[in-house]
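**Student:** Here's my sequence, what's the structure:
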Amino acid sequence: MIGRHTVAGVVAVVLLGLLAAGVHELQAYMAARGFNQALAAGAYGRAAGYPSAHGRFAAAYVAQREGYWDEAVSLYTEVGRSPVPELALAARYNRANLYLRRAWAARERGDLDIALPLIELAKHDYRELLAQHSRYWDAKYNLERALQLSPDELEPAATASVMPQRSQEAAGAVPVYTELP
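**Tutor:** Numbering: from 1, shown residues only. Here you go, the predicted model:
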């Protein structure tokens with residue numbers, strides 16, 4: 001038989017557990033409410049202070065707006081690994097846009113040594129996004145813009161000195177007769 005004190009102790013532990021869970025949920029609710037209020041007020045710096053993937057996204061946006069490019073890229077990369085699919089997608093898209101904007105600015109300054117690698121990074125990010133979400137129209141448009149700045153290299157065209165009938169591809173594709181039948 002179970003004693004009264006044992007039952008009372010179990011009930012007390014269960015109630016304390018429920019109270020702790022309730023306090024935790026209330027804190028999470030208040031944090032989410034504060035985050036949403038900061039976003040609604042346009043106070044992205046305040047929203048960046050919240051310890052969540054959404055707060056990290058806000059921090060990346062603030063770093064981008066203030067010109068801290070490397071920090072913004074790092075934060076967008078971190079948020080791009082978020083388990084929240086929509087947030088990860090938005091972070092990768094913003095990182096690609098950041099690369100493209102920086103490339104555009106470097107290109108206008110005539111600094112092609114910086115612009116071209118940044119364009120390639122942007123194109124890579126846009127292609128990754130489109131591989132996962134083929135209907136992401138903004139990424140398609142921006143990829144086209146990046147391709148206008150730096151078109152992809154095609155295979156080198158055959159030069160006039162190369163005889164196509166003697167190339168490896170032609171030898172395997174077309175029968176070559178040395179004598180008349």
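
**Student:** Where does pLDDT dip in the protein?
**Tutor:** 1-2, 23-24, 26-51, 154-181 (pLDDT under 70).

**Student:** Spatially, what comes nearest to residue 90 if we skip its sequence neighbours?
**Tutor:** Nearest non-adjacent residue to residue 90, counting by C-beta to C-beta, 6 or more residues apart in numbering: residue 57, 7.1 Å away. (Each C-beta comes from the backbone N, C-alpha and C, glycine too.)

**Student:** same deal with residue 56?
**Tutor:** For residue 56, ignoring the flanking residues on the chain, the nearest one in space by C-beta to C-beta, 6+ apart is residue 79 at 5.0 Å.

**Student:** rewinding a little: hmm, residue 77 and the residue nearest to residue 90 touching each other?
**Tutor:** No - counting by C-beta atoms under 8 Å, residue 57 does not reach residue 77; the two are 11.6 Å apart.

**Student:** more crowded one of these two?
**Tutor:** Per other C-beta atoms under 10 Å, whichever of residue 57 and residue 77 has more neighbours is residue 57, with 25 against 14.

**Student:** so who does that one touch?
**Tutor:** Applying C-beta atoms under 8 Å, 6 or more residues apart in numbering, we find residue 57 in contact with 75-76, 79, 87, 90-91.

**Student:** Repeat that for residue 112.
**Tutor:** Applying C-beta under 8 Å, 6+ apart, the residues contacting residue 112 are residue 106.

**Student:** if I look at it, how far off is residue 139?
**Tutor:** As judged by C-beta to C-beta, to the nearest Å, residue 112 and residue 139 stand 24 Å apart.

**Student:** And for residue 71?
**Tutor:** Distance of residue 71 to residue 139, computed by C-beta to C-beta: 23 Å.

**Student:** These two: which is more packed in?
**Tutor:** For residue 71 versus residue 139, the count of surrounding residues by other C-beta under 10 Å is larger for residue 139: 23 against 15.

**Student:** Next, that one: secondary structure please.
**Tutor:** Look at residue 139: counting by DSSP: H, G, I helix; E, B strand; the rest coil, its state is helix.

**Student:** Tell me if I'm right that it and residue 96 touch.
**Tutor:** Yes - proximity of residue 139 to residue 96 meets the contact threshold set by C-beta under 8 Å, at 7.2 Å.

**Student:** Could you chop this protein up by domain?
**Tutor:** The chain breaks down into these domains under automatic domain parsing: 22-83, 85-151.
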